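> Pasting a predicted model and its sequence here:
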Amino acid sequence: MTTANNTFETPFGDSSGPEKNISEKNFSDRRHGEPHPHSGKQPRPNNQPRRDKRDVHGWVMLDKPVGMTSTHAVAVVKRLFQAKRAGHAGTLDPLASGGLPIALGEATKTVPFVMDGRKRYRFAVAWGEERDTDDTEGRVVKASELRPSTEAILALLPRFTGVIEQTPPQYSAIKVQGERAYDLARDGETVELQPRSVEIHHLSLLEQLDSSHSMFETECGKGTYVRALARDIGRILGCFGHICALRRTLVGPFGEAEMIPLEQLEALCDRAASGEGSLADALLPVETALDDIPALAVTRADAARLHRGQAVLLRGRDAPNCSGTVYVTVAGRLLALAEIGNGELIPKRVFNLNGLTASPARNNESS
């Protein structure tokens, strides 16, 4: 899937420049759960008939634009497909652009496998200011006239590679005694979040844009906050810093090649409505999320047992000699997630893929 939004915008500048394009109202919307101009339900025009929902199964790797919440992005894609069920595999902040994997229908059963996968980001850091949100939308809490050299930045990067301890941002969705951290921070409370271990697989300096801005790329594991990464690097360098642009380019098995911009998806929807194409062309197969899991083909007789929730005995020379989670297929079609143990194949999640699924061409791309 080609993308028309693969350029990386860096809205950096001083406090009166492009960083202020996001209003204080939007700041409240994003951080504190208040109605966002892009995320609330829009009233239906008078006399417009309600469209019937349908079964749609697969993944859409949306190239989310800056300014849109992940919740709103899911709602838009769900509406375009008239899908009954939808969800996403990892929140992407409104400030950020890039890959937001959206699961439709039975693909929602595979969301945890994507959530646990690696993520890759390109991000720009503005030096000289630390903000309470660790990005451009927050209030300046520390400032410095110092600016880091390229050599100083490069020398520091190994300290932020591997398994590190990271304190999440105050404005995060982590719960503290039953309350979201961002709600407590909004009310003026000091939020003491505990450091936790995260894994940074790769961190590199891509470009020194000017004396006050640097471009990085990182590939990291589950639970990593890139905002906190920029904050901590700035603190050690002594110049402070915050994220001023962020783009996600990889989520588990979904990369930039699979991204589709919202405008392109809407155009495809319009063509499909007029009979000139199919929304199936925008879908990736449900099993795309299961790339790291072994596949096991079974007979139709065994498939019938698994579909009823019954275990299947594994015996004979063709029995697999592995254990753990597998995804099961019958005649090349995804059937279930199952566990192999004690000579049995035990179904855990059964898929019912009746309805709109990825086109044969997309299935071939994923195989």
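Great, that's in hand. Numbers count the residues shown, from 1 in each chain.

> what about Pro101, helix or strand, and which?
Per DSSP states H and E: Pro101 is located in strand 97-104.

> Who are the packing partners of that strand?
Secondary-structure packing of strand 97-104 (3 or more CB pairs under 8 Å, 6 or more residues apart in numbering; DSSP states H and E): strand 58-64, helix 70-81, strand 86-88, helix 111-115, strand 241-251, strand 254-255. Every C-beta, even on glycine, is put in place using the N, C-alpha and C of the backbone.

> Kindly reformat the ones you listed as TSV containing distance to Ser144.
Output for these, formatted as TSV (distance: least, CB to CB, whole Å):
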stretch	distance to Ser144
strand 58-64	33
helix 70-81	33
strand 86-88	37
helix 111-115	36
strand 241-251	9
strand 254-255	37
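
> which one of those is the most hemmed in?
Comparing the helices and strands packed on strand 97-104 by mean neighbour count (mean count of other CB atoms under 10 Å), strand 58-64 ranks first with a mean of 28.

> Residues in contact with that one: which ones?
1, 3, 5-6, 70, 73, 77, 81, 92, 96-105, 107, 251, 254, 258-262, 265, 280, 282-286, 288-289, 356-358, 362 (CB atoms under 8 Å, 6 or more residues apart in numbering).

> Among those, name the buried ones.
1, 3, 5, 70, 73, 77, 81, 92, 96-105, 107, 251, 254, 258-262, 265, 280, 282-286, 288-289, 356-358, 362 (16 or more other CB atoms under 10 Å).

> on that earlier part again, now render the helices and strands packed on strand 97-104 as TSV, adding distance to Met215 and mean pLDDT.
TSV is the format used below for the helices and strands packed on strand 97-104 (distance: least, CB to CB, whole Å; pLDDT from 0 to 100):
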stretch	distance to Met215	mean pLDDT
strand 58-64	19	97
helix 70-81	24	95
strand 86-88	26	95
helix 111-115	26	93
strand 241-251	8	97
strand 254-255	19	96
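
> Relative to Glu145, which of these is closest?
With CB to CB as the measure, strand 241-251 is the member of these nearest Glu145 (13.3 Å).

> Check which helices and strands the closest one sits against.
Applying 3+ CB pairs under 8 Å, 6+ apart, one finds that strand 241-251 makes contact with strand 97-104, strand 119-127, strand 129-131, helix 226-237.

> Could you list the paired strands of the shortest one along with their orientation?
Yep, that's strand 129-131 we're talking about. Taking DSSP bridges as the criterion, strand 129-131 pairs within the sheet with strand 140-143 (antiparallel).

> what's the following helix or strand after the strand it pairs with?
Immediately after strand 140-143, counting by DSSP H and E, sits helix 150-156.

> Kindly export that following helix (C-alpha atoms) in CSV.
Extracted in CSV, the C-alpha atoms of helix 150-156 (Å, rounded to 0.1, in the frame of the first residue of the first chain):
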residue,chain,number,x,y,z
THR,A,150,26.5,16.3,18.0
GLU,A,151,29.4,14.5,19.8
ALA,A,152,27.8,14.9,23.2
ILE,A,153,24.5,13.4,21.9
LEU,A,154,26.2,10.5,20.2
ALA,A,155,28.3,9.7,23.3
LEU,A,156,25.1,9.5,25.4
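
> Show me what that helix is in contact with.
205, 208, 214, 233, 236-237.

> need those in TSV with neighbour count, can you?
Output for the contacts of helix 150-156, formatted as TSV (neighbours: other CB atoms under 10 Å):
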residue	neighbour count
Leu205	15
Gln208	15
Ser214	23
Ile233	23
Ile236	12
Leu237	20
